[in-house]
Every structure is written in C-alpha cells, then in structure tokens.
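K.L.:
Below are the sequence and a predicted model for it; my questions follow.
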Amino acid sequence: MKQFVGIGYRKDFGEDFFQSEILQPAFIEFAPENWMNIGGYWKKVLKRLADNYSITAHGLSLSIGSPDELDWEFLKNIKQFLSDYDISVYSEHLSYSKCDNAHLFDLLPIPFRYDAVNHVVDRIKRVQDFLERKMAIEIVSYYTPVAAEMSEIEFINSIVLQSGCDLLLDVNNVYVNAFNHNYDAKEFISQLPLRNVSYIHMAGHEKVSEDLIIDTHGQAIIDPVYELFDFTINKLETPVPVLLERDFNIPEMEELASEMNKLEQICSKAWSHVYAS
Amino acid sequence: MLLNSYTEMQQSNFATFCKTNIVQPIDGITENRIDRYRSLIRGAIVDNLESAYPITESLLTEEEWDLLADDFIANCKIQSPQIWKMPYEFYRFVDENDIYVKTKYPHLMDLLLFEWKEIELYMMEDKNDAVGNLSNTFNSESKIVINQEFELLQLSFPVHLKPSTQMSKQDEGAYYLLMFRSEDKIRFFDLSLFYVKVLSDILQNDLTVSQLTEKLIKECAGESSELFKENFLRFLTAMHSKGFILGFIN
Ligand SMILES: [Fe+2]
C-alpha cells in the first residue's frame, strides 16, 4: 500500500481496478455528486472500496463563487455522504458552476475582484460551519481572466487567509495557468500560503495551440509538472495526501500504477525526514 | 449580498455566453479563449445526454439532435447538482415545451421516458433492504413480497418492442412496460392489460395467494377458473424467478 499517493475513482476503470496489487493507492477520491443518493451496482462498488481504503471527497457542484445562493439541501446530502463514508478530506473548486439558477457542469473563473473575495470568504465560512469541518479549496485552471482588479495570487491568498480554509494545490493547474497567462509557476507557488495546503492534485493536460494548454486530465503527467511537484512538496512542512487525477483516455492500470509509483517515490524522498525523526 | 452588481453581471454574462453562444459584454477577457468554456460546457452536457439517450440520438437527424441539445442548454435552468440526473430535466424540457421534433416523431416522449427510466432504476437508492427472510416457495396462504425497485410505464408506442426508426402512427395503442432492477440489472416485461390489473391487485392488497386468486377469478368472468388459476400460479413462479417477486411469507 502506498503511503502518500491516492487515485480519483472513475467508473471507466472497470473491474481491473479491483486487482488492488496493481495500484495499491493510499486512498481513493470520489466526486460525491456521482455517488451520493444512489443504490444498486455503483453503491456496492463504493461500499467495497470504502471498506478497504480511506476515502476523500472532491466536489463538483458547490459553486462557491456563484452569485446564486448556496444550495443547502445539496450541502445536507454532502454532509451525510461525508459522514456515511467516514471522510475527513472534503475539497471543492475555487470557481463557479451554477449561475442565474442553472447548473453548467463546468468550472467558470470567478472575477479576481475585492467584492468577490468577500463574497467567497463569507460562503466558505458558512459552508465550513454547516459541515462542521474545514474544506480545502482548489486553485482551478482558467483560460481567461474576467474583469480582474487584482492578481490571481492576491485573490487566492486573500480567500484562503481570510476564510481559514485549506488549500488544495493542483500542481498541474498552476503549471497550466502559468503557461496560459505567462507567469512563473515556481514563483507563484512560493507566494502561496503553503501552510494551508492540505491536499495535492496531479494530472496530465493537453497543449492545443502554441499559447494554450487545456487541463484535460486525459494524458500522462509530463516531466516539467513532476519537476514542479518535486519543487512544491519540498517546500511543505508536513506531508499531505497526493492524488493522481485521470478522467479521460483511461490507460491500462499498469500505466496509472507507474505514474503513482513515480509520485510516491518523489514524496518518500521529500518527506523521509518527517518519519526518520 | 457582498457581491456587487457589476461583478454579478460579469459572471452572469459569462455564463450566458457559455449557454447560448450569444456574445455579451464581459470586461478584461481574452477574446479567443472564452469559446473554450462554451465548448467544454456543451461537451459535458451533450456527452451525458448522448449516453443517457442513445436510441433517441440515433432516431433524430444529427441536425435535429444538435438543435435540441442547444435549445436545452440555452433555455433549461438545470436544477440538479448531480449530472447523472440531468437527463430527466431534458425529458421534462422536451415534454413541457413546444418542440418541433415531437410532432415529427410522435413516439419521442415515450422513447425518452423509456430511456430515462432505465437510468433512474439503475441508479436509484436501494429499497429492498428492510425485507427479511423470505421463502422461495409458496402455498395458498402465502403472501407475496414484491421488489420495490420497479416502474410500471404506460406507453402509447411500443418503444420497448420495436426499433424506433420503424415506428409509425399505426403502432399507436396502449402498452404496459414493467421495468425493475434485479441483481443490479434492469429487466423489462411487456404486460397485457390483464396482468397490469393482476399486478395492481398484488400491490394494493395485502392478500394471500388464494385470496388473490379468488378475487381475480371473480373479476374475470369468461375464463375457466382452473385454467386461470394455473396461469396465475405460473405467472407468480415466473416473476419470482426473474426477481420481480422477491419471495413469499408463508
Ligand atoms: Fe484537480
């Protein structure tokens, strides 16, 4: 069993996934929206995995940055799901996916604006109060800013520090954003409130043109992202769970295993002192 | 609200563009990149609809399907945070709006319902948990325990019996489709009106096998009671072996 690296479960993984000697994840991440209030076959799959692994939850539809009111009925279901499967890590995206009373099922960029900071901070606090736990907020990849009046780093840092939430650092997203918006990824990471990082995502992406990368989760992780990952985790004071995300073009389990092994190796090297002492 | 109206308007315009492809004024964006969001959102919703409604998708022409999907994305205020439930909102959207393809394909609503109910049943929360130990055999004093994970659909077209591309006005009639989940699979049974009545009797009345048989015989004049009884018991055995009857309390 791995110590640090887990994997996001996808229904496309099929039965191969259950040959646990291949992947041996430290934990498994589920998107609660796809797994709550269900029964039948998929509920059995979820239970089988939850009986054997620790589970984390990564939400899709909270829409923390939306102008719309929070959906408390939905949050009630989330809370129940977290308690049913004994889940301690709940993360969501720093974006909005519902607007004008309609779900869009994608992550739209929140304007980097002072009033948006206040709005999001207030909502994170209310969600955390309701769930009686901290949540981790993920830095999302974005392809265009919207009506920005501050920098991305100032926007993220203000929200994390003012709300007291945790940070889900998706290293690939930072790489993608740095490329798409022409900044230095390492410098960006160095400016983040790294003490608040409680969870890391790693994934692949696709370069679609000379100046644009799309965060597809459909390819293997590329070397510069591994390198950025190595850089990042060496700056963290304590180990955190690291997740491999693969949503499309699902390869053979062996290929996922080799990515996970590589991540685990980097973690073990960076964090060995924590356990040696 | 802590969000001011300017910011809210920027967010709303952005979302509106993604849903409708209608360009709205949004400040400070990189023009050629906002299209990415439109195509990501359209892709997520259309992929989901196509996997929910494969028969409908292949019945409609490509143009009809694309127009319908675009109409849905632009005009339906999707309420469910769970994307797997979104196809039901598509069904309702088509049902409640004046949509051209409904006239061209009179069996469209039946088809959409049929395809949606398969998903809903497949995913629905478990309902048979409270059932205790049941017997696999029955006698005249047994009570029947039904699988609660079922739907009985009344359809005007036999979308479950005939390829949708071959459906015509002549097929219009009254059809009854029993769908249920058993061993994590969805099973389908075309029922005659008579067996619909049998089923509703089983469901509505807490009767023993012999009480049920008598009640049904009384209500179905014209048929020989011995033959009827034989058929009814055969029906019970068949439905038990298929998983619609979970078992019997003896
Ligand atoms: Fe991520």
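P.N.:
Now that the structure is in, tell me what you want to look at. Residues are numbered from 1 along each chain as shown, chains lettered A, B, ... in the order given.
K.L.:
CA only for contacts and neighbour counts going forward, please
P.N.:
Will do.
K.L.:
near chain B, which residues of the stretch 1-150 of chain A?
P.N.:
When proximity is defined as CA under 8 Å from any CA of the partner chain, the stretch 1-150 of chain A approaches chain B at A:33-34, A:37-42, A:61-62, A:66-67, A:74, A:99-106, A:108, A:110-111, A:113, A:115-116, A:118-119, A:143-148.
K.L.:
Quick one: residues contacting the residue of chain B found nearest chain A.
P.N.:
In chain B, the residue that lies nearest chain A is B:E125 (3.8 Å; CA to the nearest CA). Neighbour list for B:E125: A:37-40 [criterion: CA atoms under 8 Å, 6 or more residues apart in numbering or on different chains].
K.L.:
Among those, name the buried ones.
P.N.:
Among the contacts of B:E125, those classed as buried by neighbour count (16 or more other CA atoms under 10 Å in any protein chain shown) are A:37-40.
K.L.:
helices and strands around the top helix by length along chain A, which ones?
P.N.:
When chain A is parsed with DSSP state H, its longest helix is helix A:253-276. If contacts are counted by 3 or more CA pairs under 8 Å, 6 or more residues apart in numbering or on different chains; DSSP states H and E, helix A:253-276 sits against strand A:5-8, helix A:20-23, helix A:223-233.
K.L.:
can you give me the strands in the chain?
P.N.:
Because you didn't say which chain, this covers chain A. Assigned strands in chain A, in chain order: A:5-8, A:27-30, A:54-58, A:90-93, A:96-99, A:102-108, A:136-138, A:166-170, A:197-203, A:206-209, A:212-214, A:242-245 (criterion: DSSP state E).
K.L.:
that's the wrong chain, I meant chain B
P.N.:
B:143-146, B:150-155, B:175-182, B:185-191, B:245-249.
K.L.:
which strands and helices sit next to the second one?
P.N.:
The one in question is strand B:150-155. Counting by 3+ CA pairs under 8 Å, 6+ apart, strand B:150-155 packs on helix B:108-123, strand B:175-182.
K.L.:
contacting residues for the residue of chain B most remote from its centre?
P.N.:
What lies farthest from the middle of chain B is B:G28; by CA atoms, centre = their mean that is 44.5 Å. With contacts defined as CA under 8 Å, 6+ apart, B:G28 is in contact with A:145-148.
K.L.:
Now these in a markdown table, please, with extra columns for distance to B:L60.
P.N.:
Formatted as a markdown table, the contacts of B:G28 follow (distance: CA to CA, whole Å):
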| residue | distance to B:L60 |
| --- | --- |
| A:P145 | 38 |
| A:V146 | 38 |
| A:A147 | 41 |
| A:A148 | 43 |
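K.L.:
any idea which of the residues you listed has the most stuff around it?
P.N.:
Among these, A:V146 has the most neighbours (other CA atoms under 10 Å in any protein chain shown), with 23 neighbours.
K.L.:
burial count for B:N139?
P.N.:
13.
K.L.:
typo on my end, B:S210
P.N.:
15.
K.L.:
How about B:A44?
P.N.:
Neighbour number of B:A44 under other CA under 10 Å is 14.
K.L.:
Output the worst-scoring helix or strand of chain A on mean pLDDT as PDB, restricted to C-alpha atoms.
P.N.:
Every helix and strand in chain A was compared by mean pLDDT, DSSP states H and E; the lowest is helix A:20-23, with a mean of 82. Taking Å, rounded to 0.1, in the frame of the first residue of the first chain, the C-alpha atoms of helix A:20-23 are listed here in PDB:
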ATOM      1  CA  SER A  20      -5.500  -4.000  -5.800                       C
ATOM      2  CA  GLU A  21      -2.000  -5.300  -6.100                       C
ATOM      3  CA  ILE A  22      -1.500  -3.200  -9.200                       C
ATOM      4  CA  LEU A  23      -2.300   0.300  -7.900                       C
END
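K.L.:
which residues touch the nearest residue to A:Q219 once chain neighbours are set aside?
P.N.:
Distances taken as CA to CA, 6 or more residues apart in numbering or on different chains put A:G204 closest to A:Q219, at 4.7 Å, once the chain neighbours are dropped. Neighbouring residues of A:G204 by CA under 8 Å, 6+ apart: A:172, A:215-222, A:245-246.
K.L.:
And the residues you listed, which of them are buried?
P.N.:
By neighbour count, with 16+ other CA under 10 Å, the contacts of A:G204 hold A:172, A:215-221, A:245-246 as buried.
K.L.:
Check the stretch 51-200 of chain A for the residue nearest chain B and tell me.
P.N.:
Using CA to the nearest CA, the closest approach of the stretch 51-200 of chain A to chain B is made by A:A102 at 4.3 Å.
K.L.:
A:P241 and A:H201, how far apart?
P.N.:
9 Å (CA to CA, to the nearest Å).
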